[in-house]
Structures are given as C-alpha cells and as structure tokens.
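In: Generate a structure from the sequence data that follows.
(chains A and B)
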Amino acid sequence: MVSVISISRADFIEKLNDIAAAVEEEYGVSLRFVEILSRRRSFIAGCENDISCSPPERIEINERFGIVSDRWNDMPLTVQDAILRQLAEIVTAYEQR
Amino acid sequence: MNTQQISVKDEKKWVGNVIREDEVTKYFVDGKDFINDDEIVEKLAKNKNPDKAKIRDILQKSRAVETLSPNETAALLNVEDEELLEEMYAAASEIKKKVYDNRIVTFAPLYCSNYCVNNCLYCAFGSENKVQKRRRLTLDEVRNEAEVLAGEIGHKRLVVVYGEHPVSDVYFIADTIKAIYDVKVRTKNGFGQIRRVNINAAPMSINDLTILRNVGVGTYQVFQETYNHKAYAHVHPAGTLKSNYRWRIYALHRALDAGVDDVAIGALFGLYDWRFEVMGLLYHAIDLERLFGGIGPHTVSFPRLEPAANTPFTNESRYKVSDEDFKKLVAIIRLSIPYAGMIITARESAQIRREVIPLGCTQTDASTRIGIGAYSDRYNDQEAERQQFILGDTRSLDEVIREFAEMGLITSFCTAGYRCGRTGEHIMKLLRTGTEARFCKLNAVLTYREWLDDFASDETKKVGEKVIRQEMKEIKEQMSTVYPSLVKYYRRIENGERDLYF
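Out: The predicted model follows:
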C-alpha cells in the first residue's frame, strides 16, 4: 500500500492555487476548485478571473471535490489525465487529515 | 420530530440547548459585539450638513464598488439637498447596472411552518398569538408546493421560511431542502425545477449549519430585525430564544465558519430609527468582510413593518418609515455596500416597487403567497391568520414580468453562480470588478427564454421578445467573443433543452 502524507487545509489550498496558476500560464485555461455539496459547488481555490465568460465545464475529482473550468476540453487528454492524477493525490492527502 | 410529539417540557429542553455561548464570544473584540450604539449615534450627529464636494467624493468611491466607511454612510444619511439626493439616486442606479447589469432576479417565498417558540412584538407567528392557525407542512406537502411553484408559475429560486421551533429544527430544514431539489415537473416545452433553495431560518450552531451546507443550501438569511440593543430588547421579550441579540448577530459568522459561503443580512425597518438600521447593516457587512477574507453579505433585505393579525405593535410603532425615507434608505444601502444584491419583496405595494427597484434592487418576488400551504391550496385571498404579515402586492409573476419588460428590465431566473463555484470570496471579487454583470446578462437571456416559452401569457411574451432582442443586440456588441456560444445555447433552449448556463 502506498503511504499518503496528510496535508492541512492551508497547504491544500496552496497546492490547488499552484496548479491553477501553472495550468493558466501553460495552456491559458482557468481552473476553479470547488467542493461539491448537492447542487452547490463552493469555491475553494484557483483562478478568480473569469473574464472569458465561457460556458462552465464541470469535472469531478472525486465525490467531494471538483473543477469548474472555462476550456478544460481544449487541453490534450494526456494533460487532463495528468492534472486529474495529481489532484487526486492532493485530495487524498487532504482527506487523510 | 412530529408536531404532536412536542410536550412543553421537550420544547423547553430544546430551547435550552440551542445557544452555544462559545460560538458567540469567539467573535468579540475586547469583549464586545461590533455594534456600538453610542458610536453610531455620534457618527450620525457628527456628519450632519455634509458639503456637496464630500458627498460627490463618496459617490465616486461607491462607483468603484468599495464598501463605504461608517462616517461616509452617516454623511449620506444626512443629505437633505434635493439636487444631491437626485445625484445619489442616479449613482445608485448606475452602480446596480455596473455590478448586476440590467436584470432583476425573481424568487418566491415558501413558508414551511409557523410554529414558533418566540414572541416578538411585531410578528404574527408569536407563540402567544392564539388567532394564528398553526401548521407545519409534511415533506409531501412541501413537494406539492414546489411542484406548483416550478411547474405552474415557473419559479426557479425559493426562499424557504421556517419558524424557530423544535418541529422545524435543522433536520426538518435539511429534509425540506432535499425534497424541493428532488422535484422535477413537465412544463409546456421543457421541465421545471427549483434550482436554488435559499432559506430564512433562525440562528443555529456551527454543527447545525454544517448539516445545511452539506445538503446544498443556497443563501442563508438571518435578519437582525433591529441593530439597536435597547430596541431589540424591547421587541423581543426577555426569556425567549430570540431575545439573545448576540446569538443572532453572529449567526452569519457561524454560517461562514461552517462553510455556507453565501449569507444574507437584513433589518426590519420600523422597529427603530431607519438611519441607525442602515448604519447597523453597514457595520454588519464590514465585520463579515474583516473576519472572512472580504466575504460580505450576498444580499441585503430591508423589509418595512407591515400589519399582521392580532399584532397591534405593527400599527403603533413610532419608527415607521415613510415612502420618501424608504427611497433614500434603499439608495444609501446600494451606495454603502455596492457589491451586495438587494431584495425588495411583495410586502411593498406595486407602486413603491416601481419607484424603488431602479434605485439598486436586484431581486424581488411575485405570485407571492405566504400562508402555510398556500400555493397548492390555491387560495388567492390573503388570510391573516395563516400569514406572518399582510402582503402589499399580490400580482402574478406574469404581470410583474410584463411590467418589468415595459420598464426595459429583463427578468432573470439565473441560479448558475452557486452551481459553478462562483461563491464566497470568488463571487465577491467578480462582483467588485463588474465581471459578474457579464454572467448576469448572458444567463438572464437564457432563463428568460425558458420562462417565456414555458409560462408566459401571449401579452407578456410579446413584450418579452422585444427585451430579448435588445439584450442579444447588446451582447453581440459588448461581448462579441461569447456571442456565438450564447446563440448556440439559446437555440438549444428554443428546442426544449433546459438549464444551460454560463
């Protein structure tokens, strides 16, 4: 079994912000990380400049956390997969708290 | 808990367990809450006869969507000069358009229970009011109400209201939210659903608020009623739950701590001096912003005291607000907390709503019924014994939307923001920068199209089409890169798809 190091809420948010900034810089795609609460998607971290006003794409990381993006599908599938894998690890570490 | 199962002893026990002192005192500064009555009175006195240049500087700050300071709001509250007042009204209208565009969102109140452990002097639900017919809806009855609202009238957003009582505790509230979200009914050309459930309920503990957060509550409203400590003590009899001013004033702080990141403040105008109440609302917004990373109230409500069954206080209060002062206070709230939504309800007459909406209001209700079970019972006359107060405007949603269209306003049923992460600190930034107005404009067109196709009378549809054409033209000019996506969504909605949004 792979051991997972738990992270604090502040570290969780910082890591998500780092990923959002990197993706925005590399691909020009904005990512907002949200907590899924029934119909509600509550903002946690990520890009805050929604100036593109594109229709939102909603991607689930797991049952509890997700992404809202303006142009997620514009990124290559391999990149999408890599981002989701990285996010899954971060979410797992956070949920281990 | 079933209504028949509550004994007086159980009710007392429940009341005794509600307040958590540690969830009040943790927010104090130097052992005090954030409303200093003397300081407010002093600021109102100190800022009398403000000069024109100072007021114009304050208006510029509001135009930049910055929260005003208490001294600045106090200066606005002292303006008597007609020319300056007109400038303030114009600025309020301009700011509303900058932050929220040309739209007005509609919703309906849904009263689920009028049992209450309190005995407030101004409210017909008071426990000692024996003429009030008590009822708590079952979950099936709640669904029936939602089916009428979503399937026959066409509402997409509710404010669900509950008295403070063990029969309408947090578990009941959570169950009603889930029941409403589950409703899906056929309409003429698509389907109807309630997409956002906001609630107006009593102050709760952080644990209870977490339960509401987890079922996806929309905005959590708690109105302080009056911010003046003495007036508060006068209208909320000692010994009742609601008499605890501080438990109530920190209700929204606890909500934000629980992760409910859209909260709404309000005051019941007519309980104390209206200028003081506007200052109280501002101090409330400032304290929330200070403690929660800039997150202030999502909306501000400013109901006026209205007559209520067997509730003489509502006619006797010496602080009742005149129509002229009401217009002023609406504009000053818009200028003071410029990013916040502002809700004017059907308490007010149609005439007053017409006059006040252009001063900065963003939301209103229509086809309003406030009796318990009133939508599915289909009664149209007001029945004081099953209502909290008497409504001033009972016009249908169709009539109200037609009137808005004639005023050049587009009615929006948008509920997109909270379903795609535009909440909390994020929505605050979008509002302050005017970015949210772009989403408002796009989503207003899409939801208006849905409503016109599913629910509008021929007469309303005719004027509504004109509004849509104008809005589409503006979007094409102002947001040319998004326009093609809007047109695609618009066509899909014309073909019967529903709930597409930006």
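In: check which helix or strand covers the nearest residue to B:Y483 once chain neighbours are set aside.
Out: Leaving aside its sequence neighbours, B:Y483 sits nearest to B:K476 (Cβ to Cβ, 6 or more residues apart in numbering or on different chains; 4.9 Å). For every residue, glycine as well, the C-beta is placed using N, CA and C. B:K476 is part of helix B:458-478, with elements assigned from DSSP states H and E.
In: Contacts for that helix, please.
Out: Contact partners of helix B:458-478, identified using Cβ atoms under 8 Å, 6 or more residues apart in numbering or on different chains, comprise B:102, B:398-399, B:401-402, B:405-406, B:408-410, B:441-442, B:444-445, B:448-449, B:452, B:456, B:482-483, B:486, B:490.
In: Please convert the buried members of those residues into PyMOL selection syntax.
Out: To isolate the buried members of these in PyMOL, using 16 or more other Cβ atoms under 10 Å in any protein chain shown:
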select buried, chain B and resi 102+398+399+401+402+405+409+410+441+442+444+445+448+449+452+456+482+486+490
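In: Thought B:Y27 was touching B:L291, still the case?
Out: Yes - in terms of Cβ atoms under 8 Å, B:L291 counts as a neighbour of B:Y27; the distance is 7.0 Å.
In: Among the contacts of helix B:458-478, name the ones in strands.
Out: B:I410 (DSSP state E).
In: In helices only, show me the contacts of helix B:458-478.
Out: Among the contacts of helix B:458-478, the subset assigned to helices under DSSP state H consists of B:398-399, B:401-402, B:405-406, B:441-442, B:444-445, B:448-449, B:452, B:483, B:486, B:490.
In: Return every residue with contacts to both of B:L291 and B:Y27.
Out: Counting by Cβ under 8 Å, 6+ apart, the common neighbours of B:L291 and B:Y27 are B:H253.
In: picking up where we left off before, could you check how far the residue nearest to B:Y483 is from chain A?
Out: 14 Å (Cβ to the nearest Cβ, to the nearest Å).
In: Angles on the backbone of whichever residue of chain A sits closest to chain B, please.
Out: Closest to chain B within chain A is A:S38: 2.7 Å, counting by Cβ to the nearest Cβ. The phi/psi pair for A:S38 (degrees, to the nearest 10) reads phi 50, psi -120.
In: Now do the same for the residue lying closest to it once chain neighbours are set aside: its pLDDT.
Out: What sits nearest to A:S38 in space, not counting adjacent residues and going by Cβ to Cβ, 6+ apart, is B:G216, at 2.7 Å. At B:G216, the model reports a pLDDT of 97.
In: what number of residues lie near B:G216?
Out: Counted by other Cβ atoms under 10 Å in any protein chain shown, the residues lying close to B:G216 total 21.
In: B:D257 too?
Out: Neighbours around B:D257, by other Cβ under 10 Å: 17.
In: Spatially, which residue comes closest to it, not counting chain neighbours?
Out: B:I206 (5.4 Å).
In: one step back: buried set for the helix holding B:K476?
Out: Those would be B:T460, B:K461, B:V463, B:G464, B:V467, B:I468, B:E471, B:M472, B:I475, for helix B:458-478 by 16+ other Cβ under 10 Å.
In: Next, the angle helix B:397-406 makes with that helix.
Out: Put simply, helix B:458-478 runs at 40 degrees to helix B:397-406, going by axes from the mean of the first three to the mean of the last three Cα atoms, to 10 degrees.
In: any low-confidence regions in chain A?
Out: Counting by pLDDT under 70, chain A contains low-confidence ranges at A:1-4, A:50-51.
In: Next to chain B, which bits of chain A? Give me the list.
Out: Counting by Cβ under 8 Å from any Cβ of the partner chain, the residues of chain A close to chain B are A:32-35, A:37-43, A:46, A:48-56, A:58, A:68.
In: And those residues, which of them are buried?
Out: A:32-35, A:37, A:39-43, A:46, A:48, A:50, A:52-56, A:58, A:68.
In: Quick check: B:Q132 vs chain A, distance?
Out: For B:Q132, the distance to chain A equals 33 Å [Cβ to the nearest Cβ].
In: who touches that residue in this structure?
Out: Contacts of B:Q132 (Cβ under 8 Å, 6+ apart): B:N114, B:A124, B:F125, B:G126, B:A309, B:N310, B:E385, B:R386.
In: For A:I13, list the residues it contacts.
Out: Neighbours of A:I13 in contact, by Cβ under 8 Å, 6+ apart: A:I44, A:A45.
In: Sort out which residues of the helix or strand encompassing it are buried, please.
Out: Using DSSP H and E, A:I13 sits within helix A:9-27. The neighbour-count check on helix A:9-27 (16+ other Cβ under 10 Å) flags A:F12, A:I13, A:K15, A:L16, A:N17, A:I19, A:A20, A:V23, A:Y27 as buried.
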